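# dropping the sequence and predicted coords here.
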Amino acid sequence: MEHRWSKRKNLSLPVLIFEHKLPIAAAYSGNVSAGGIYLECGPTNWRINEFLEIEFHDHVGQIRLPGMVIHRSQRGFGLMFSELQSKSRTTLNRILSAYENPQISCSVS
């Protein structure tokens, strides 16, 4: 059973992946929510629970977000956001809202 704090939004945005503050790879978002992102970049060597940062931007804003790898597949990996600052959360919500106003909830389903 999946437990999500927010709804996913299918968005294909270019994303830079950072490790130790250095850009190391590029990917595209497969889906994004207020709690995480799935990145399509093919198979990776990052381990589950490894911390990375991602950066993406569009016409609404630019944002760099820290997160932890929570699953991997042949197509890419899922990153759960961690410790988002208020400004980062606001920018992320603005980007998500710009794409068909997704409904973000705070309930576990």
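Sure thing, it's come through. Residues are numbered from 1 along each chain as shown.
# hmm, which helix or strand of the chain has the shakiest average pLDDT?
None of the helices or strands of the chain scores lower by mean pLDDT, DSSP states H and E than helix 86-98, at a mean of 83.
# show me what that helix is packed up against.
Applying 3 or more Cβ pairs under 8 Å, 6 or more residues apart in numbering; DSSP states H and E, we find helix 86-98 packed against strand 62-72. To be clear about C-beta, it is placed using only N, CA and C from the backbone, and glycine gets the same treatment.
# for V32, give me its contacts.
Taking Cβ atoms under 8 Å, 6 or more residues apart in numbering, we find V32 in contact with R8, K9, L11, L13, Y38, I95, L96.
# element containing the fifth one, please.
Meaning Y38. Assigned by DSSP states H and E, Y38 belongs to strand 36-40.
# just the C-alphas of the very next helix or strand once past that strand, formatted as PDB.
Moving toward the C-terminus from strand 36-40, the next helix or strand (DSSP H and E) is strand 51-57. C-alpha atoms of strand 51-57 as PDB (Å, rounded to 0.1, in the frame of the first residue of the first chain):
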ATOM      1  CA  PHE A  51      21.100  12.100  -0.100                       C
ATOM      2  CA  LEU A  52      21.100  14.200  -3.300                       C
ATOM      3  CA  GLU A  53      20.000  17.600  -4.400                       C
ATOM      4  CA  ILE A  54      18.000  18.400  -7.500                       C
ATOM      5  CA  GLU A  55      17.500  21.700  -9.300                       C
ATOM      6  CA  PHE A  56      14.800  22.500 -11.800                       C
ATOM      7  CA  HIS A  57      13.300  25.700 -13.200                       C
END
